[in-house]
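> what would the 3D arrangement of this be:
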Amino acid sequence: MTNFKKVMLFCHRWLGFISGLVVFIVSITGCIFCFQDEIQDAMHSYRTVENTGKPYVQPSQLVATVKKAYPKGSPDYIYYFGTERPAAVLVNTGKEGFDYVYLNPYTARITHHEKPQTNFFIIVEYIHLYLLLPPAIGKWVVGVAVIIFVVLMITGIILWWPKRKTDRKRSFTIKWGGRWRRVNYDLHNVLGFYATSIALILAITGLAIAFEPVSRAIYNMANLGKVDYKTEVTEPKSDSLKQAGVAAKPVIDLAFAYARKNVPQAEMFLIHNDPAVSGAIGVGAYAKSMHYSHATGFEFDKYNGKLLKAYIYDKKSAGLKLNEMNYDIHVGQIFGLTTKIIAFLASLICASLPVTGFIIWLGKRKKAKTKSKPTRAVSHRKTHRHLQTGQ
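Numbering: from 1, shown residues only. Okay, the predicted model is just below:
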């Protein structure tokens, strides 16, 4: 082995020890989360509703219903998930945190409510993102482990890549008929190789979700540095001093109607009315239900309903489109069930790599000890013979 590969092996081994447990946890939780929509749909009846063919009730009516149930709550976010899915309102209850309230979008009747921290998949998501540590600490622990894992994948390819062309066919297959240690070795190397490209995409999109500088770097690279990020994404603010010309109808209703009229093909809508964000009311119109890419957005003055800014999908820069795809790419839903299965399998392989790698290390350590024992025995026999013969 060359000195270069010895250095690569040293880095691969010890970086694996440092990050292995975190990589295992993050990968396993990623596997579980991949099919969370499908699993929850099968488990919970409140996640589906009958499409009556009637128009949706107005957002203001959903808010009024929720306000009766939560008089002191602030219904800041309103979701219309789709024609056969419920509407939902995220209520800020102050010190008690947030509640999700699900309603029938055709009748405004409350069908279910829950605190996010009691939902199994939300817990899985928080483990995935923060290891249940405080977010400011947890995201750095996970982020550093993911960066180390990227280095491990690169060093692993360097160490494993066969020198001779004649060895490549053998190196790309798992020898299922071999001894279990050989099978474990192949599982680590061969599966690691096949999963690397997908794992790199999952790692980079995960880092982009957690860290704005990574997201900004992707934005700038896709746009070749020609588009100003702040100009494109900065949300407008309504002027609280200019309350003249108050809208005749609730602005959230006007905003929702405008979005439905101008993006009639959209399946899902998200309305934000959080005064802490900008004072404006925004509506996001999404092409597919439960998918968060391919969105067109509108911002309205909170007092008179005037359109302040439009984020038309077709007019967005390539960088912004790519940023908005981060979540759908990361969870594997960007192209439907096929990519979900690919993301699931890649995450499962990533979870196995620290385990198979540790077994390889244990095997080599045990083999080194076994080799050292005969050497000590031979030395002992030679010394004993020397004492007997006096030679």
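> what residues sit buried inside stretch 65-76?
Buried residues in stretch 65-76, defined by neighbour count with 16 or more other C-beta atoms under 10 Å: 65-66, 70, 73-76. (Glycine included, C-beta is placed from N, CA and C.)
> no wait, stretch 199-212
In stretch 199-212, counting by 16+ other C-beta under 10 Å, buried: 199, 201-210.
> among the buried residues of stretch 65-76, name the ones in strands.
74-76 (DSSP state E).
> now the buried residues of stretch 199-212 in CSV, with distance to residue 152 and secondary structure?
As requested, the buried residues of stretch 199-212 are arranged in CSV below (distance: C-beta to C-beta, whole Å; DSSP: H, G, I helix; E, B strand; the rest coil):
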residue, distance to residue 152, secondary structure
199, 10, helix
201, 16, helix
202, 14, helix
203, 10, helix
204, 15, helix
205, 18, helix
206, 15, helix
207, 15, helix
208, 20, helix
209, 21, helix
210, 19, helix
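> and which of the ones in strands among the buried residues of stretch 65-76 is nearest residue 301?
Using C-beta to C-beta, residue 76 is the member of these that lies nearest residue 301, at 17.5 Å.
> pretty sure the closest one sits against residue 273.
Yes. Counting by C-beta atoms under 8 Å, residue 76 touches residue 273, with 5.8 Å between them.
> closest one of the buried residues of stretch 65-76 to residue 140?
Using C-beta to C-beta, the buried residues of stretch 65-76 come closest to residue 140 at residue 76, 27.8 Å.
> who's in contact with that closest one?
90-92, 272-274 (C-beta atoms under 8 Å, 6 or more residues apart in numbering).
> farthest pair in these?
91 and 272 (13.3 Å).
> of those two, which one has the most company?
residue 91 (24 against 20; other C-beta atoms under 10 Å).
> domain ranges for this protein?
1-49+117-227+330-391, 50-105+237-316 (automatic domain parsing).
> partners of the strand or helix carrying residue 284 in the sheet?
Per DSSP states H and E: residue 284 is located in strand 281-286. Its sheet considered, strand 281-286 pairs with strand 268-272 (antiparallel), strand 295-300 (antiparallel) by DSSP bridges.
> what are the ranges of the helices in the chain?
3-34, 36-43, 59-69, 120-130, 135-160, 165-171, 180-186, 192-210, 212-223, 229-233, 251-262, 318-324, 326-330, 337-389 (DSSP state H).
> dump the residue contacts of the residue minimising distance to the centre of the chain.
The centroid of the chain falls nearest to residue 330 when counting by C-alpha atoms, centre = their mean (4.7 Å). Counting by C-beta under 8 Å, 6+ apart, residue 330 makes contact with 202, 205-206, 209, 343.
> kindly recompute the last result at 7 Å.
Counting by C-beta atoms under 7 Å, 6 or more residues apart in numbering, residue 330 touches 202, 205-206, 209.
> same question for residue 251.
281, 300, 302, 305.
> that one and residue 80: what is the separation?
Separation of residue 251 from residue 80 (C-beta to C-beta, to the nearest Å): 17 Å.
> same check, this time on residue 42
Taking C-beta to C-beta, one finds residue 42 at 22 Å from residue 80.
> more neighbours, these two?
residue 80 (27 against 10).
> how many residues are close by the closest residue to the more buried one other than its chain neighbours?
Excluding its sequence neighbours, the residue lying closest to residue 80 (C-beta to C-beta, 6 or more residues apart in numbering) is residue 269, at 4.4 Å. For residue 269, the count of nearby residues is 23 (other C-beta under 10 Å).
> wait, residue 269 touches residue 78, no?
No. In this structure residue 269 lies outside contact range of residue 78 using C-beta atoms under 7 Å: 8.2 Å.
> okay, now the unreliable bits of the protein?
Scanning the chain for pLDDT under 70 picks out 1, 166-169, 239-248, 274-278, 368-391.
> identify all contacting residues around stretch 77-91.
Contacts of stretch 77-91 (C-beta under 7 Å, 6+ apart): 46-49, 51, 56, 59, 62-63, 66, 70, 73-76, 98-105, 111, 267-272, 274, 289-290.
> hang on, I meant stretch 148-155
Contacts for stretch 148-155 (C-beta under 7 Å, 6+ apart): 8, 11-12, 15-16, 18-19, 23, 196, 199-200, 203.
> if we go to 10 Å?
5, 7-13, 15-16, 18-20, 22-23, 26-27, 192-193, 195-197, 199-200, 203-204, 207, 350, 353-354, 357 (C-beta atoms under 10 Å, 6 or more residues apart in numbering).
> could you dump it to PDB, C-alpha only?
The C-alpha trace of stretch 148-155 is given here as PDB (Å, rounded to 0.1, in the frame of the first residue of the first chain):
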ATOM      1  CA  ILE A 148     -17.300  14.000   7.700                       C
ATOM      2  CA  PHE A 149     -19.500  11.400   6.000                       C
ATOM      3  CA  VAL A 150     -19.000  13.100   2.600                       C
ATOM      4  CA  VAL A 151     -15.200  12.900   3.200                       C
ATOM      5  CA  LEU A 152     -15.600   9.300   4.100                       C
ATOM      6  CA  MET A 153     -17.400   8.500   0.900                       C
ATOM      7  CA  ILE A 154     -14.600  10.100  -1.100                       C
ATOM      8  CA  THR A 155     -11.800   8.400   0.800                       C
END
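> and residue 103, how many neighbours?
Residue 103, neighbours per other C-beta under 10 Å, totals 25.
> please list all residues in contact with it.
With C-beta under 10 Å, 6+ apart, residue 103 has these contacts: 46, 49, 57, 61-62, 65-66, 78-79, 86-89, 109-113.
> and residue 285, by the same measure?
80, 256, 258-260, 262-270, 294-298, 311, 313.
> rerun that using 7 Å as the cut-off
259, 263, 266, 269, 295-296.
> any chance of the residues you listed in TSV, with distance to residue 224 too?
TSV is the format used below for the contacts of residue 285 (distance: C-beta to C-beta, whole Å):
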residue	distance to residue 224
259	31
263	29
266	30
269	33
295	23
296	24
